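S.K.: next one to model:
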Amino acid sequence: MTRPFLPLTSRSREEAHRAATPLELFFDLCFVVAVAQAGAELVHAVAEGHAGTGVANYAMVFFAIWWAWMNFTWFASAYDNDDVLYRVVTLVQIAGVLILAAGVSRAFEEHDFLVVYLGYLVMRLALVFQWLRAARHAADPAERTMCRRYAGGVLLCQVGWLGLVLAPGPARPWVFVVMALAELSVPLYAERAGTSAWHAHHIAERYGLFTLIVLGETVAAATVAVKSGIVENDALDELLPIAAGGLLLVFAAWWVYFVVPAHDRLTSSRQAFLWGYGHYLILMSAAAIGAGLEIAVEQAVGEAHVSTLSASAAVTIPSALFLLLVWLLHARYFKVGTARQLVLPVAALAILVCSFAGRWAVLAAGVVAAAAVATGVTLTARNPATRGSGA
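M.R.: Now for the predicted structure:
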């Protein structure tokens with residue numbers, strides 16, 4: 001049994017065999033509930049012909065989910081002492097994301113962000129408590145200043161986010177942009193006083209696990225959509241190309257993300273910030289692939305009020321974005337030679353072109369993604385001395 005109270009002091013960056021804890025895994029699973037809710041509402045919005053509004057709301061809600069997850073992850077990497085108080089505060093953060101998830105439908109349908117804000121507030125206040133606790137136990141004055149800056153910055157941002165609840169509808173996107181930039185600035189400001197002792201292998205594993213869970217949610221959502229289409233509409237012929245193409249896309253997404261050792265890029269705070277922040281788009285696009293597959297299924301059976309091109313683009317755009325961003329953020333640093341460097345960018349472009357392939361668009365995109373992986377594996381096999389494998 002863990003002790004009720006332990007000093008919340010910084011862990012070592014050189015700690016061996018640092019792995020994700022059961023509490024962190026539970027945390028991730030609960031956060032995916034909110035991701036699934038956001039994806040479902042995106043499907044509904046696009047299928048009803050409100051793609052612009054749906055994508056904007058999805059970006060805002062996903063930012064709240066991702067940013068709260070990311071802040072917890074980096075804090076835990078540096079300070080997780082696994083005492084009772086730490087566990088309880090983490091469970092409070094989980095409760096916050098479940099509150100947020102409960103408000104996603106109202107945010108999309110009625111543009112009412114109050115419940116989303118309250119859930120976000122619960123998560124963020126719990127994190128403030130953790131930072132103040134770390135500040136209290138910090139032996140180094142620079143570390144204490146850093147912790148207090150984190151706590152103060154997070155608190156100030158919560159006041160600013162009230163604008164998303166109180167501002168008129170047309171002003172809310174601007175409130176979001178300003179406050180998102182403010183949130184992203186807090187770590188940059190706080191760590192000017194001192195650097196938190198995050199663990200590179202642990203961070204890479206945590207991001208990888210969350211990516212796996214999001215991809216798993218994508219598979220689950222697409223499977224349910226295909227099953228419903230077959231049962232309710234007897235549309236196996238129409239849905240089989242979407243199912244096959246979607247599966248190839250998800251398999252390829254998994255392959256290209258995990259084919260290189262991401263932790264080798266996390267050698268400085270600057271690289272870590274760029275890599276960590278860039279995952280907002282990586283994770284959002286991974287989740288959006290599932291939403292796109294659901295839209296494609298609904299369009300194929302005549303339940304979505306969108307064109308075939310729009311439904312296809314709902315799959316191909318996030319798929320291409322995922323491949324391009326994975327290449328940009330870490331894969332390209334492990335590719336030797338022009339041919340290997342071009343595999344993922346060219347595949348991303350080809351997947352976008354597949355949008356115009358009509359009812360075969362998703363299958364064509366899946367074949368392109370699979371071909372990219374096969375090409376990468378072949379090029380690597382010809383030069384075994386290069387690091388990594390596959391695409």
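S.K.: which helices and strands sit right next to the helix or strand containing A56?
M.R.: Assigned by DSSP states H and E, A56 falls within helix 51-79. For helix 51-79, the helices and strands in contact under the criterion 3 or more Cβ pairs under 8 Å, 6 or more residues apart in numbering; DSSP states H and E are helix 22-47, helix 84-102, helix 104-109, helix 114-137, helix 172-190, helix 200-233, helix 269-300. Yep, even glycine has a C-beta here, placed from its N, CA and C like the rest.
S.K.: buried stuff in the third one?
M.R.: Buried positions in helix 104-109, judged by neighbour count with 16 or more other Cβ atoms under 10 Å: 104-105, 107-108.
S.K.: ok, the residues you listed vs C157, which is closest?
M.R.: When the buried residues of helix 104-109 are compared for distance to C157 (Cβ to Cβ), A107 wins out at 18.4 Å.
S.K.: my guess is S10 contacts A138. True?
M.R.: Yes. S10 lies in contact with A138 (Cβ atoms under 8 Å); the separation is 7.4 Å.
S.K.: test my guess that V186 contacts Y150.
M.R.: Yes. Using Cβ under 8 Å, V186 makes contact with Y150 at a distance of 6.6 Å.
S.K.: who has more neighbours out of those two?
M.R.: Y150 (26 against 20; other Cβ atoms under 10 Å).
S.K.: next up, the contacts around the more buried one.
M.R.: Y150 is in contact with 131, 186-187, 190, counting by Cβ atoms under 8 Å, 6 or more residues apart in numbering.
S.K.: the residues you listed into a markdown table, with extra columns for distance to W174 and pLDDT?
M.R.: Formatted as a markdown table, the contacts of Y150 follow (distance: Cβ to Cβ, whole Å; pLDDT from 0 to 100):
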| residue | distance to W174 | pLDDT |
| --- | --- | --- |
| W131 | 28 | 96 |
| V186 | 20 | 95 |
| P187 | 23 | 94 |
| A190 | 25 | 94 |
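S.K.: these, buried ones only, as a ChimeraX selection?
M.R.: Selection of buried members from these for ChimeraX, criterion 16+ other Cβ under 10 Å:
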select :131,186,187,190
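S.K.: what residue is smack in the middle of this protein?
M.R.: L283 (2.6 Å; Cα atoms, centre = their mean).
S.K.: quick check, that one in contact with W66.
M.R.: Yes. With contact defined as Cβ under 8 Å, L283 reaches W66; the gap is 5.9 Å.
S.K.: how about the secondary structure of V336?
M.R.: The assignment at V336 comes out as coil when based on DSSP: H, G, I helix; E, B strand; the rest coil.
S.K.: wait, it sits on N383?
M.R.: Yes. The pair V336 and N383 passes the contact test of Cβ under 8 Å, sitting 6.8 Å apart.
S.K.: and these two? Which one has more around it.
M.R.: V336 (14 against 11).
S.K.: confidence score at the more buried one?
M.R.: V336 is assigned a predicted lDDT (pLDDT) of 79.
S.K.: how about G245?
M.R.: At G245, pLDDT is 94.
S.K.: and what of P384?
M.R.: 59.
S.K.: just F356 next, same as before
M.R.: pLDDT, F356: 95.
S.K.: contact partners for it?
M.R.: Going by Cβ under 8 Å, 6+ apart, F356 touches 309, 312.
S.K.: please report how far it lies from P345.
M.R.: 19 Å (Cβ to Cβ, to the nearest Å).
S.K.: tally of neighbours for the closest residue to Y277 other than its chain neighbours?
M.R.: Among residues not flanking Y277 along the chain, L184 sits closest, at 6.5 Å (Cβ to Cβ, 6 or more residues apart in numbering). Neighbourhood size, L184 [other Cβ under 10 Å]: 14.
S.K.: cool, and A101?
M.R.: 23.
S.K.: picking that back up, okay, among the contacts of Y150, which ones form the most distant pair?
M.R.: Every pair of the contacts of Y150 checked by Cβ to Cβ; the farthest is W131 and P187, at 11.3 Å.
S.K.: per-residue confidence at the residue nearest to Y277?
M.R.: 95.
S.K.: over to G390?
M.R.: So G390 comes in at 57 (pLDDT).
S.K.: a markdown table for the contacts of Y150, including distance to A369?
M.R.: Formatted as a markdown table, the contacts of Y150 follow (distance: Cβ to Cβ, whole Å):
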| residue | distance to A369 |
| --- | --- |
| W131 | 41 |
| V186 | 36 |
| P187 | 33 |
| A190 | 39 |
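S.K.: between the contacts of Y150, which is nearest T90?
M.R.: So of those, ranked by how close each gets to T90 (Cβ to Cβ), first place is W131, at 13.6 Å.
S.K.: what's the spacing between the closest one and G119?
M.R.: 19 Å.
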